[in-house]
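Asker: After the sequence you'll find the predicted model.
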Amino acid sequence: MSADVEQLGLRVFPTPERTGTAATDTDARSGTASWGRRLWASTWPKLIAVGIALLVWQLLYASGWRPAYVLPSPKATFQELGQQLSTQRFWTALGITARRAIVGFALAVLVGTLLGLAVARSRVLRAGVGSLVTGLQTMPSIAWFPLALLVFGYTERAITFVVILGAAPSVANGIIAGVDHVPPSLLRVARTLGAHGFGLYRHVVIPAAMPTYVSGLKQGWAFAWRSLMAGELLVIIAHRPSLGVLLDFDRQNSDAAAMISIMIVILVIGMGVDVAFNAVDRGLRHRRGLIVES
Amino acid sequence: MTLVDLHRDDVRVDTRAPVLKVTGLTKRFGQGAAAVTAVEGLDLTVERGEFLTIVGASGCGKSTLLSIVAGLTPPTSGTVDVQATRAALMFQDATLMPWLTVAGNVDLALRLRGVPRAKRPERVKELLALVHLDGRQEQRPHELSGGMRQRVALARVLAQEADLVLMDEPFGALDAMTRDAMHDELERIWTEHGLTVLFVTHNVREAVRLGDRVVVLASGPGHVKAEMSVPLPRPRRIDSSEVATRAAALTDALREEVRQHVG
């Protein structure tokens, strides 16, 4: 046999020793060293953007366009912010606002998810409520406050009501879109594996819809936070300091530096939660091979 | 006219009867003047433990036939008698769940079949070893090559412990070398586990390489054009002269058919 092979002019070479396997390459890529580098890579553009914003602000201040008691310098504002952060009043207000945000968003997620699943499953509900959900999403949540105040008065419930109405449609739309776009091939395979009814949802439909659902949650959060800030400016409840109350209070006192420092806090919280959602989103997509590694 | 339910553990199966008996099967899509007949008056039998390959040019109703046998599409007329409690399907695309690991994908098949949690990890390991994917348990589908993904799909099919395995050009998207390796794997597993396989392909050599019997489908609308039994010993090689000779004979039978289709 080997003589025949040699006659054909075939030569077989031994396999060379391998220095690294594909598996260790993957480990190295997700190692801690490159994790720090990735963090830096995503941080420095943000730092530059913040720097430019501060520079524009400083130039505007230096140009004397508006007097300092209306438009304070960045330096004075950040000093005021530091001052605020050391007061009990600020932290009480932040605590109340955070609690409202968490409770309101959690309820909105609950309502939105149940509504979304119901609409995605039922043809009748989809025809009846489907476009209404999208319609609600386009309605500015501040327009709900007159009704909320009539129904609930100046209470926590009025604020929570509007936060839910603001955020739930986005969450519902997220899950509806997610369920609608589950690849039919996966559903076909799932059925041949014996999945049906609740099991099909639990093992295939919900996991497949997850990235779109998370996008919906992210958008829902943005609406919840906006609705909450509008609510805190409109629905001022006695002895319940909040970020909105502080903002309004500082405006009435014409304390521009304090007012802007609260605005910075509001912006930072909104962005912080958004970053957290993005991290979850990236994680989901990365595991599914939907992100090209650069 | 019956619509096959794939998961009827309660059904009593006649183990002496053929696993699959299709009689006078017709499938029309659409209605009235726009109706297209994909399959007409098709008869087919698959014996228990048999490896039957169906070969035909595109548009001959191969996939339609498989889809009807799997119960995913109802037939227009004719009978489909499946003497099997469970049928498993494998497609050209592995269609693994992208959010699950390799092990998770096989595990899901066991779980949906009702295998208790305690027994599953051991079984997953066995199945992955069977398709030579040990050490890849924790990888995600997108980290695997096309051939490896089909191995996972094969492990998932085995996890279903189906008494009828339906394959729709499962290796059609693989390169020739990987496909040859997958043929060896499938043949080995089929021999060791006594599976019954209905394998659809447009590759004549592949059909002869794998099948105990090869059925040639002709199109317009789909019907059985020829049949060949392949009593060659196993394991076989796709490049052996015995396979080549039979494949050439089948290709000749098909040639006229393809010409009509193109012309």
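Answerer: Received, thanks.
Asker: Three-state assignment for A:G128, please.
Answerer: Following DSSP: H, G, I helix; E, B strand; the rest coil, A:G128 is assigned to helix.
Asker: likewise A:L290?
Answerer: coil.
Asker: That one contacts A:P211, doesn't it?
Answerer: Yes. Using CB atoms under 8 Å, A:L290 makes contact with A:P211 at a distance of 7.3 Å. Quick note: C-beta positions are derived from backbone N, CA and C, even for glycine.
Asker: Looking at those two now, which is surrounded by more residues?
Answerer: Using other CB atoms under 10 Å in any protein chain shown as the criterion, A:L290 and A:P211 rank with A:P211 on top: 21 against 12.
Asker: Pull out the buried residues from the helix or strand hosting B:T191.
Answerer: B:T191 is part of helix B:176-193 when elements are defined by DSSP states H and E. The neighbour-count criterion (16 or more other CB atoms under 10 Å in any protein chain shown) identifies B:178-180, B:182-183, B:185-187, B:189-190 as the buried residues of helix B:176-193.
Asker: Same check on stretch B:64-76?
Answerer: Buried residues in stretch B:64-76, counting neighbours by 16+ other CB under 10 Å, are found at B:64-73, B:75-76.
Asker: From the chain's centroid, how far away is it?
Answerer: Counting by CA atoms, centre = their mean, to the nearest Å, stretch B:64-76 is centred 13 Å from the centre of its parent chain.
Asker: Kindly report the same for stretch B:205-214.
Answerer: In terms of CA atoms, centre = their mean, the centre of stretch B:205-214 is found 12 Å from the chain centre.
Asker: start to end distance for that stretch?
Answerer: One end of stretch B:205-214 to the other measures 10 Å (CA to CA, to the nearest Å).
Asker: Counting neighbours, what do you get for the closest residue in space to A:S261 that isn't next to it in sequence?
Answerer: Counting by CB to CB, 6 or more residues apart in numbering or on different chains, A:L81 is the residue found nearest to A:S261 once chain neighbours are left out, at 3.6 Å. A:L81: 17 surrounding residues under other CB under 10 Å.
Asker: Locate A:L81 within the secondary structure: which element?
Answerer: Going by DSSP H and E, A:L81 is in helix A:74-85.
Asker: Tell me the first helix or strand C-terminal of that helix.
Answerer: As assigned by DSSP H and E, the chain's next helix or strand after helix A:74-85 is helix A:88-121.
Asker: which strands and helices sit next to that following helix?
Answerer: helix A:123-138, helix A:156-180, helix A:206-234, helix A:243-252 (3 or more CB pairs under 8 Å, 6 or more residues apart in numbering or on different chains; DSSP states H and E).
Asker: report the angle between the axes of that helix and helix A:123-138?
Answerer: Put simply, helix A:88-121 runs at 150 degrees to helix A:123-138, going by axes from the mean of the first three to the mean of the last three CA atoms, to 10 degrees.
Asker: residues near A:R38, how many?
Answerer: 12.
Asker: which stretches of chain A have low pLDDT?
Answerer: Chain A contains residues with pLDDT under 70 at A:1-6, A:18-33, A:292-294.
Asker: The closest residue to chain B within it: neighbour count?
Answerer: Relative to chain B, the nearest point of chain A is A:G289 (2.4 Å; CB to the nearest CB). Applying other CB under 10 Å, we find 14 residues neighbouring A:G289.
Asker: Count the residues that sit near the closest residue to it other than its chain neighbours.
Answerer: Sequence neighbours aside, B:H142 is the residue nearest to A:G289 in space, at 2.4 Å (criterion: CB to CB, 6+ apart). If you count neighbours by other CB under 10 Å, B:H142 ends up with 14.
Asker: before we move on, what about A:P45?
Answerer: 9.
Asker: ranges for the strands of the stretch 1-150 of chain B?
Answerer: For the stretch 1-150 of chain B, applying DSSP state E, counting those that start in this stretch gives strands covering B:20-29, B:36-46, B:51-55, B:77-82, B:87-90.
Asker: Give the buried residues for the last one.
Answerer: Neighbour-count burial for strand B:87-90 flags B:87-90 (criterion: 16+ other CB under 10 Å).
Asker: Over to the fourth one?
Answerer: Within strand B:77-82, the residues that count as buried by 16+ other CB under 10 Å are B:78, B:80, B:82.
Asker: would you turn those into TSV with distance to A:W65 and pLDDT?
Answerer: Shown next, in TSV, are those (distance: CB to CB, whole Å; pLDDT from 0 to 100):
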residue	distance to A:W65	pLDDT
B:G78	84	92
B:V80	82	91
B:V82	82	89
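Asker: between those, which is nearest A:I159?
Answerer: B:V82 (60.5 Å; CB to CB).
Asker: That closest one contacts B:V22, doesn't it?
Answerer: No. Assessed by CB under 8 Å, B:V82 is found out of contact with B:V22, at 9.2 Å.
Asker: how much space between B:R179 and B:D252?
Answerer: Distance of B:R179 to B:D252, given as CB to CB, to the nearest Å: 23 Å.
Asker: again with A:L187
Answerer: 41 Å.
Asker: out of these two, which sits in the busier spot?
Answerer: In this view A:L187 and B:D252 are compared by other CB under 10 Å, and A:L187 has more residues nearby, 16 against 11.
Asker: Just want the most central residue of chain B.
Answerer: Nearest residue to the geometric centre of chain B (CA atoms, centre = their mean): B:M167, 1.6 Å.
Asker: If it is in a bridge, with which residues?
Answerer: For B:M167, the beta-bridge partners under DSSP bridges are B:M90, B:F199.
Asker: for B:H223, same thing?
Answerer: What pairs with B:H223, by the bridge criterion (DSSP bridges), is B:A218.
Asker: I'd like to know how far the residue of chain B at minimum distance from chain A sits from B:L96.
Answerer: Going by CB to the nearest CB, chain A is nearest to B:H142 of chain B, at 2.4 Å. From B:H142 across to B:L96, the span is 9 Å (CB to CB).
Asker: quick one, what contacts B:L158?
Answerer: Each residue near B:L158 by CB atoms under 8 Å, 6 or more residues apart in numbering or on different chains is listed here: B:127, B:130-131, B:189, B:193.
Asker: what's the answer for B:L198, then?
Answerer: By CB under 8 Å, 6+ apart, the contact set of B:L198 is B:20, B:46, B:52, B:54, B:66, B:69, B:164-167.
Asker: cool, and B:V106?
Answerer: B:124, B:127-128, B:152, B:155-156, B:159.
Asker: Export those residues as JSON lines, with columns for pLDDT.
Answerer: Shown next, in JSON lines, are the contacts of B:V106 (pLDDT from 0 to 100):
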{"residue": "B:V124", "pLDDT": "96"}
{"residue": "B:L127", "pLDDT": "93"}
{"residue": "B:L128", "pLDDT": "94"}
{"residue": "B:V152", "pLDDT": "95"}
{"residue": "B:A155", "pLDDT": "94"}
{"residue": "B:R156", "pLDDT": "94"}
{"residue": "B:A159", "pLDDT": "93"}
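Asker: Highest neighbour count among those residues?
Answerer: Top of these by neighbour count (other CB under 10 Å): B:R156, with 28 neighbours.
Asker: Once you drop chain neighbours, what's closest to it?
Answerer: Per CB to CB, 6+ apart, closest to B:R156 is B:A109, 4.7 Å.
Asker: got the residues of chain A near chain B?
Answerer: Residues of chain A lying near chain B by CB under 8 Å from any CB of the partner chain: A:23, A:26, A:185-186, A:188-195, A:199, A:203-204, A:207-208, A:210, A:284, A:287-290.
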